[in-house]
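[1] following is a predicted model, sequence given first.
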Amino acid sequence: MSHLFLVGFMGSGKSTVGRILAKRLGFPFTDLDRAIERSAGATIPKIFAERGEPAFRALEHDELAKLGELPDHVVACGGGVVVDDGSRALLKVLGRVVYLRVTADEALARIGSTGNRPLLAGGDPLALSRTLLASRESLYEAVADTTVDTSGLTPAQVADAVEARL
Ligand code: S3P
């Protein structure tokens, strides 16, 4: 089992780059957030609002575990997948992990509206992004087999850089 997992902060380009890579490599693509929404029958903002972040992390872990039964996929993970110890362990076991690094400022510029990102919706999005990213940086690095700095690169260029490392 060797999925290709893309991890990184919100706005790092995981989904866009993941689709490009899946097409190039001929693997199916999975967006973990969308898979969670399908399984839970609710949107991510609704899951956070009604059940809280710990419940969301448990759903995220369960969805990741399901990939253990599937053939190789390119998987775009949610930005917070690394905060759960069990999910980090699963990522290591189930495939290779690429960390797409982005600054908080660039991430926010790419995201645009923070409406569907509950963790950025409760205050100043830039301050929240900087704090959250700082608290996660070492976790992304710990789980990653390789890191690609996405600053100033287009999604296709990021995909080139990932392919070059594989
Ligand atoms: C989250 C990132 C989101 C989504 C949820 C929580 C996070 O995914 O999983 O809102 O904790 O960083 P994206 O990184 O795809 O926006």
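    Thanks, I have the structure now.
[2] phi, psi of Phe29?
    Geometry field for Phe29 lists phi and psi as phi -110, psi 140, criterion degrees, to the nearest 10.
[3] same question but for Lys92, I mixed them up
    The phi and psi values for Lys92, taken as degrees, to the nearest 10, are phi -70, psi -40.
[4] neighbours around the closest residue to it other than its chain neighbours, how many?
    Excluding the flanking residues, the one nearest Lys92 by CB to CB, 6 or more residues apart in numbering is Val143, at 6.5 Å. (C-beta placed from N, C-alpha, C; glycine too.) For Val143, the tally of surrounding residues (other CB atoms under 10 Å) stands at 20.
[5] just to check, Leu91 is in contact with Leu64?
    Yes: with contact defined as CB atoms under 8 Å, Leu91 counts as touching Leu64 (7.1 Å).
[6] what about the strands in the chain?
    When assigned using DSSP state E, the strands of the chain occupy the ranges 3-7, 29-31, 74-76, 95-101, 146-149.
[7] list the pairing partners of the third one within its sheet, with orientation.
    Pairing partners of strand 74-76, with direction, according to DSSP bridges: strand 3-7 (parallel), strand 29-31 (parallel).
[8] which among the ones you listed is found nearest to the ligand?
    With CB to the nearest ligand atom as the criterion, the ligand lies closest to strand 29-31 of the strands paired with strand 74-76, at 7.6 Å.
[9] now do the closest one: distance to the chain's middle.
    Strand 29-31 has its average C-alpha position 11 Å from the chain's average C-alpha position, going by CA atoms, centre = their mean, to the nearest Å.
[10] residues contacting that strand, please?
    Ser15, Gly18, Arg19, Ala22, Lys23, Leu67, His73, Val74, Val75, Ala76 (CB atoms under 8 Å, 6 or more residues apart in numbering).
[11] how does it look with 6 Å?
    Outside of strand 29-31, the residues that reach it under the criterion CB atoms under 6 Å, 6 or more residues apart in numbering are Ser15, Gly18, Arg19, Ala22, His73, Val74, Val75, Ala76.
[12] still on that earlier bit, quick one, which of Leu91 and Leu64 is more surrounded?
    It is Leu64, of Leu91 and Leu64, that has more neighbours when counted by other CB under 10 Å, with 27 against 24.
[13] dump the residue contacts of the more buried one.
    The neighbours of Leu64, taking CB under 6 Å, 6+ apart as the test, are Ser87, Leu90.
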